[in-house]
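J.: predicted model and sequence below, questions to follow.
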Amino acid sequence: MIKSLIAMLTAGFFAVVVGTVATAQDTDGPEIRSVIQSQIDAFQKDDFAAAFSFASPQIRQMFGTSDRFGMMVRQGYPMVWRPQSVEFLDLRDIGGRLWQVVLMRDAEGAYHTLGYQMSQAESGVWQIDGVQILREEELGA
C-alpha cells in the first residue's frame, strides 16, 4: 500500500516536472533559442555591442562596456565567440529559472556543453543572464 502510494506520488511529481519543462519549451523555447542564436551571430561578426544587448541588465552592469564583455567572451568562451557548430538541446526549469542547454563545437573540433541561464524582462523579452560550461555530471540532472 505504502509502496504504491509512493509510486503514485513519484509519478505525479515527474509528470508535473516534465509538464513544466514541456510547457516552457513549447511557449518560450523558440524565443530563447532565437536570443542565444542572435548573440552568437553577433559574436561571429565581432559586433560586441549587439551581442551585449542580449545580456541581462545584471550582466551589462557587471561588465560595463561591450568591449570588456567581448574580451571576456573571446578569452573565456572561445567556443561561443567562434563556434563551428551550435546545437540546441533541452530547456530546463531549475529552481524556477530556465536554462537552455547548448552543444557547441569549437574551432579545433572539440565539443562543449553550455548552460545559458535566461531571465525575462518586464517587457517579456528574454535575456541571457549567464553562461556556464557544464561538466558531464551536471548533464544528467
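T.: Done, it's in. Just so we're clear, the structure is a prediction, and the values are computed from it rather than from any experiment.
J.: and the closest residue in space to Arg97 that isn't next to it in sequence, what is it in contact with?
T.: Leaving aside its sequence neighbours, Arg97 sits nearest to Gln117 (C-beta to C-beta, 6 or more residues apart in numbering; 5.9 Å). From N, CA and C alone the C-beta is placed, and that goes for glycine too. Applying C-beta atoms under 8 Å, 6 or more residues apart in numbering, we find Gln117 in contact with 97-99, 128-132.
J.: mind checking pLDDT for Gln117?
T.: At Gln117, the pLDDT value in this model is 98.
J.: how close does it get to Tyr111?
T.: Distance of Gln117 to Tyr111, computed by C-beta to C-beta, to the nearest Å: 20 Å.
J.: count of neighbours near Arg82?
T.: 16 (other C-beta atoms under 10 Å).
J.: do the same with the one 5 residues further on
T.: For Glu87, the tally of surrounding residues (other C-beta under 10 Å) stands at 12.
J.: pretty sure it sits in a strand.
T.: Yes. Counting by DSSP: H, G, I helix; E, B strand; the rest coil, Glu87 is found in a strand.
J.: so what sits opposite it in the bridge?
T.: Leu103 (DSSP bridges).
J.: can you pull the contacts of it?
T.: Neighbouring residues of Glu87 by C-beta under 8 Å, 6+ apart: 102-104.
J.: so after whatever helix or strand the residue nearest to Arg97 lives in, what's the next helix or strand?
T.: Assessed by DSSP states H and E, Gln117 sits inside strand 111-120. The element immediately downstream of strand 111-120 (helix or strand, assigned by DSSP H and E) is strand 126-133.
J.: low pLDDT regions in this protein?
T.: Low-confidence segments of the chain, defined by pLDDT under 70: 1-26, 137-141.
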